[in-house]
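[1] Build me a model:
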Amino acid sequence: MTMARRAAARVATTLAALAAGGPAFAATGVDGASLGFAWALPFIGILLCIALGPLAFPHAWEHHQGKIAAFWGVAIVAPLALVAGPEATVEAVAHTALTEYMPFILLLLALFTTAGGILIAGNIHGSPAMNTALLAIGALFASLIGTTGASMVMIRPMLRANDDRRHNTHVFVFFIFLVSNLGGALTPLGDPPLFLGFLKGVDFFWTTRHLAAETLFACAVVLATFFVIDSWVYRHEKALPDPTPDKRVRVRGLGNLALIGVIIAAILLSAAWKPGVRFTVLGAELELQDLVRDAIFVVVTLVSLRITKPEYRAANGFSWGPIQEVARLFAAIFTVMIPVLAMLRAGRDGAFAPLVALVSNPDGSANNAAYFWLTGGLSSVLDNAPTYLVFFQLAGGDAQVLMREGALTLAAISCGAVFMGANTYIGNAPNFMVYAIARDGGVKMPSFIGYMAWSGAVLIPTFILTTLLFFR
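    Numbering: from 1, shown residues only. Predicted structure coming up:
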């Protein structure tokens, strides 16, 4: 037996032995009140691997992340099958895969492909005013084509605009703050956590209405801070010869903008059109409007590949690597979250009762500041999408109730997940991508700790002000 198989067997045995009672499976999934904390270990394990792998063992992580993710998936599926039976386990996994993972990854695929076909060609001069304008535009794009899409579209124009600046590190640190994170909070397209909320029943425009004030405030504070810093640096530095002289800016691949409109229309259609037609696959109930939406995502991806000139994607440095990595990792994440979400649904009767108490006031009401900071703190070092789901479920998991009576709590969870992904390089997927592209372009990007010094000085005060203004 190989080492990996022995480890998998030990994990399965440990989980089965430590679970507090046998898990009961109902038609809706796992009975979380009957599960012990050991069932959360694979979830914790995979998130720690995602957080530490690129730093602690980068070579092994790069070449074997799919195997590592599969290990953690098996570590939860195997004991579930042993304790609850294969049929119930297949039903639970199929429900998660077909109703949550599939639409999630297909949306990311469609946005990733269309955004990768939009090329901003030409060059402009990176003055403080122009840089601030570019960051504001990128932040707006983030809510329309996703933080990953906006980062990939805007990073190279920003590099060309500032390639004659001796001191330009701060420009790309703030780029990560605004374009790769803060700007994505206004629609479910902006950041994966918000789309997961949409799949759980949060209205598409609820996000825009209820997060607008917090997002605009945070972005305005960070943009103003950037303008002050960049103006000071600009006045005190001597410019280098410009390797890319100013040229008229042109946007290529405009057909992809129309396709992004189709994506938005498909999401709105799935929320408004309820024909009442359902299909059951492996015990999972699928609705016609959701299948049509997901099929449109696939069609949009194929059309984008067909109509976009290859040189546009080449100029953007487009490759399939990032979306393949996300697909592999999230397949495992969604699987290991099955018992975790069940335990959270159990509330005070489940293994996470201490966490419930931590986000609750003495009178039992939600502590919105705690929701904001705990969701954000974990999103700083773990992936923000599963972190969002954990606290969404902890707050009750009923989207209709959260959108009304719990609107401030849901806003705190949403803002924490999206905003605080900017606190570290590993808090959100685009962060490290921007770091790598900027460094490859000659920018002296700060180290992991150096970046946190920037985020601690700029973002933490901004988030404290956000808490005092919106989540007290």
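[2] what about the chain, any weak spots by pLDDT?
    Within the chain, the stretches with pLDDT under 70 are 1-32, 238-247, 347, 382-383.
[3] Residue nearest the middle of it, spatially speaking?
    What sits nearest the mean C-alpha location of the chain, by CA atoms, centre = their mean, is Pro192, with 3.9 Å.
[4] if you skip the residues just before and after it, what's nearest to it?
    Ala385 (4.2 Å; CB to CB, 6 or more residues apart in numbering). Where you see a C-beta, it was placed from the backbone N, CA and C, and this is true even at glycine.
[5] isn't that neighbour right up against Gly197?
    No: Ala385 sits out of contact with Gly197 when judged by CB atoms under 8 Å, with a separation of 9.9 Å.
[6] Could you check how many residues crowd around Thr308?
    Residues contacting Thr308 under the criterion other CB atoms under 10 Å number 23.
[7] Spatially nearest residue to it (excluding sequence neighbours)?
    Gly117 (3.5 Å).
[8] Next one: that neighbour from Met403, what distance?
    Computed as CB to CB, to the nearest Å, the Gly117 to Met403 distance reads 34 Å.
[9] Could you do Leu223 as well?
    Distance, Leu223 to Met403, by CB to CB: 29 Å.
[10] Which is the succeeding secondary structure element to the longest helix along the chain?
    For the chain, the longest helix by residue count, based on DSSP state H, is helix 128-161. Sequence order places helix 169-178 as the next helix or strand after helix 128-161, per DSSP states H and E.
[11] Not counting its own residues, what contacts that next one?
    Residues external to helix 169-178 that are found in contact with it (CB atoms under 8 Å, 6 or more residues apart in numbering): 126, 131, 135-136, 138-139, 142, 151, 154-155, 158, 162, 165, 219, 222-223, 225-226, 229-230, 233, 422, 425, 430-431, 434-435, 438, 443-446, 451, 454-455, 458-459.
[12] Secondary structure element for the closest residue to Ile105 other than its chain neighbours, which one?
    Spatial nearest neighbour of Ile105, excluding adjacent residues (CB to CB, 6+ apart): Ala327 at 5.3 Å. Per DSSP H and E, Ala327 falls inside helix 321-345.
[13] From the contact counts, what lies against that helix?
    Other elements packing on helix 321-345 under the criterion 3 or more CB pairs under 8 Å, 6 or more residues apart in numbering; DSSP states H and E are strand 29-30, helix 41-56, helix 58-84, helix 86-96, helix 102-116, helix 384-394, helix 429-440.
[14] if we go to 6 Å?
    helix 41-56, helix 58-84, helix 86-96, helix 102-116, helix 384-394 (3 or more CB pairs under 6 Å, 6 or more residues apart in numbering; DSSP states H and E).
[15] returning to that earlier point: quick one: the residue nearest to Thr308 and Arg252 touch, right?
    No: here Gly117 does not reach Arg252: they are 8.6 Å apart, not a contact under CB atoms under 6 Å.
[16] Find residues that contact each of the two.
    Here Gly117 and Arg252 have Tyr312 as joint contacts, going by CB atoms under 6 Å, 6 or more residues apart in numbering.
[17] So between those two, which is more surrounded?
    Neighbours were tallied for Gly117 and for Arg252 using other CB under 10 Å; the higher tally belongs to Gly117 (25 against 18).
[18] Can you pull the phi and psi angles for the closest residue to Tyr388 other than its chain neighbours?
    Excluding the flanking residues, the one nearest Tyr388 by CB to CB, 6+ apart is Pro193, at 3.4 Å. Torsion angles at Pro193 (phi, psi; degrees, to the nearest 10) stand at phi -60, psi -40.
[19] Settle this for me: Pro193 is touching Pro386, isn't it.
    No: using CB under 6 Å, Pro193 is not in contact with Pro386, being 8.6 Å away.
[20] Same drill for those two, tell me which one is more crowded.
    The neighbour comparison of Pro193 against Pro386 (other CB under 10 Å) goes to Pro193, with 29 against 25.
[21] quick one: that one from Asp230, how far?
    Distance from Pro193 to Asp230, by CB to CB: 30 Å.
[22] Sweet, I'm off.
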